[in-house]
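Asks: predicted model and sequence follow; I will ask about them next.
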Amino acid sequence: MLSGVDPARRAGTMRLLWLACRRHPDPAEVSRALELGVDPKLLAAAAVRHRIVGLLWRALGSAGALDVLAGERSLLEQIVEIQRLRDVLLVPRALELAAGPLTRSGFEPLVLKGPAVAASYPAPGLRSFDDLDLVLPRRQHADAVEVLRRSGWSLVRKGARDHYDSLFVHESVPDMPLELHYELEAWYDRASSLRGQELWQRRQPAQLMGVPAHVLPRGDDVVMLCAHAAKPYHGFSRLMWIADLAMVLGDAAEGGQRVDWQRVRELTRQGRCSTAVAAALSLAALAGADSPADLRMLPRGGWRGEALRRLAEGEWVLRRTPPVHLRFALADSRRRRMMLLVGYTHPAPRFRGLEWRFRIMGPAVRRWRDLRGRGRGAGEPVGSARA
């Protein structure tokens, strides 16, 4: 994807993508990035992949520089308009259809990401999302599924031993599926100790797009967003998740609603996700978001330090794959990394008993040896790090 692209234009393109994720991009900084040169195709492709087309359009528009998109301008303009219309017309309807029946039946669903984080963005249409995520305790899941089915939602995939949610679609909002969670990830992709029910227990009432709902307190939301972006199958592969943090933290600062950083530290410690939080907040700093320095301390040295250093440099935004070994480097403990290594061989969505357990051990050991071998001797300190 990067072959044949002039280094200066590549640097300008990368800089523009990060500037677009700021809560309020500076037109002067955008202009300076443009002076380095930009590759329109590379810029447009990255913006689409990272789901920040609306943010990029806003940043370029602030500097009167939309023409830099050249032949890509028409396509991106269409995407921007579609996102804005979805935000204004489709999302509130989908949220009412999903949360309304549950609330009227006595449930208190927690809204994650999507509409909850979009409320912190400065304008409609800037935050792209494809589905709704609601969380209820596992003990309430079966009853909530029935309420949704009676309300017109069609069950596409039922929660199971290897799943952590049930998936629904509704004919009135066919482009906005609903995921009803009772957990945050399956066991084989679990890199932290954060749990769905614990988040749900910390919910607080809110109005989202005119719909009564429940959201997380600001500090809890910051930790959840960091851990979500760092999930093993996410690996910070979308800039949109970094923009979320920039918007949430910026909105709190502008509204005088101080983030309880001590609460963030406490939840990070309880959730055993200090590396994920440090990596996410370090990247959010590239998008202009302030956070305490001690929460941005990344591990140093070895294969983990090398993977996290490459992540923190930010150039991965122009590539299709995240830095090597991120799936494992973002987990805090060796035990978690070993479980992720075993889970990496998970062949299908169904648990296959002892036969499956025996069969995965060979590939798991080989991957572990390869992982250790590639990382031998790699890495330099990234910030002030823990040993």
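Replies: Alright, I've got the coordinates.

Asks: so what's residue 214 bridging to?
Replies: Going by DSSP bridges, residue 214 is paired in beta bridges with residue 110, residue 205.

Asks: residues contacting it?
Replies: Taking C-beta atoms under 8 Å, 6 or more residues apart in numbering, we find residue 214 in contact with 108, 109, 110, 111, 203, 204, 205, 206. C-beta coordinates here come from the backbone N, C-alpha and C atoms, glycine included.

Asks: residue 219 too?
Replies: Residues in contact with residue 219 (C-beta under 8 Å, 6+ apart) are 259, 260, 261, 263, 264, 267.

Asks: now it, what are its backbone angles?
Replies: phi -60, psi -40 (degrees, to the nearest 10).

Asks: distance of it from residue 146?
Replies: From residue 219 across to residue 146, the span is 34 Å (C-beta to C-beta, to the nearest Å).

Asks: and residue 285, how close does it get to residue 314?
Replies: Taken as C-beta to C-beta, the span from residue 285 to residue 314 is 10 Å.

Asks: for the contacts of residue 219, pick the one with the most neighbours.
Replies: residue 267 (24 neighbours; other C-beta atoms under 10 Å).

Asks: that one contacts residue 220, doesn't it?
Replies: Yes: between residue 267 and residue 220 there is a contact at 6.1 Å, judged by C-beta atoms under 8 Å.

Asks: ok, the contacts of residue 214 vs residue 195, which is closest?
Replies: Nearest to residue 195 among those is residue 110, at 12.4 Å by C-beta to C-beta.

Asks: what is the burial count for that closest one?
Replies: 24.

Asks: also residue 45?
Replies: 16.

Asks: which stretch of helix or strand covers it?
Replies: According to DSSP states H and E, residue 45 maps onto helix 40-49.

Asks: quick one: mean pLDDT over that helix.
Replies: Mean pLDDT, helix 40-49: 95.

Asks: in that helix, what counts as buried?
Replies: Using 16 or more other C-beta atoms under 10 Å as the test for burial, helix 40-49 gives 40, 42, 43, 44, 45, 46, 47, 48, 49.

Asks: could I get the residues you listed as TSV with distance to residue 251?
Replies: Shown next, in TSV, are the buried residues of helix 40-49 (distance: C-beta to C-beta, whole Å):
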residue	distance to residue 251
40	31
42	30
43	26
44	28
45	29
46	25
47	22
48	25
49	25
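
Asks: just the CA coordinates of stretch 84-99, formatted as PDB?
Replies: Taking C-alpha atoms only, stretch 84-99 is exported to PDB below (Å, rounded to 0.1, in the frame of the first residue of the first chain):
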ATOM      1  CA  ARG A  84     -24.900  12.500   8.800                       C
ATOM      2  CA  LEU A  85     -28.300  11.200   7.600                       C
ATOM      3  CA  ARG A  86     -27.800   7.900   9.500                       C
ATOM      4  CA  ASP A  87     -26.900   9.800  12.600                       C
ATOM      5  CA  VAL A  88     -29.900  12.100  12.400                       C
ATOM      6  CA  LEU A  89     -32.600   9.700  11.100                       C
ATOM      7  CA  LEU A  90     -31.700   6.100  11.600                       C
ATOM      8  CA  VAL A  91     -29.800   5.900  14.900                       C
ATOM      9  CA  PRO A  92     -32.400   7.500  17.200                       C
ATOM     10  CA  ARG A  93     -35.000   5.300  15.700                       C
ATOM     11  CA  ALA A  94     -32.900   2.100  16.100                       C
ATOM     12  CA  LEU A  95     -32.000   3.100  19.700                       C
ATOM     13  CA  GLU A  96     -35.700   3.700  20.600                       C
ATOM     14  CA  LEU A  97     -36.700   0.300  19.000                       C
ATOM     15  CA  ALA A  98     -33.900  -1.400  21.000                       C
ATOM     16  CA  ALA A  99     -33.800   0.300  24.400                       C
END
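
Asks: I'm done for today, thanks for sticking with me.
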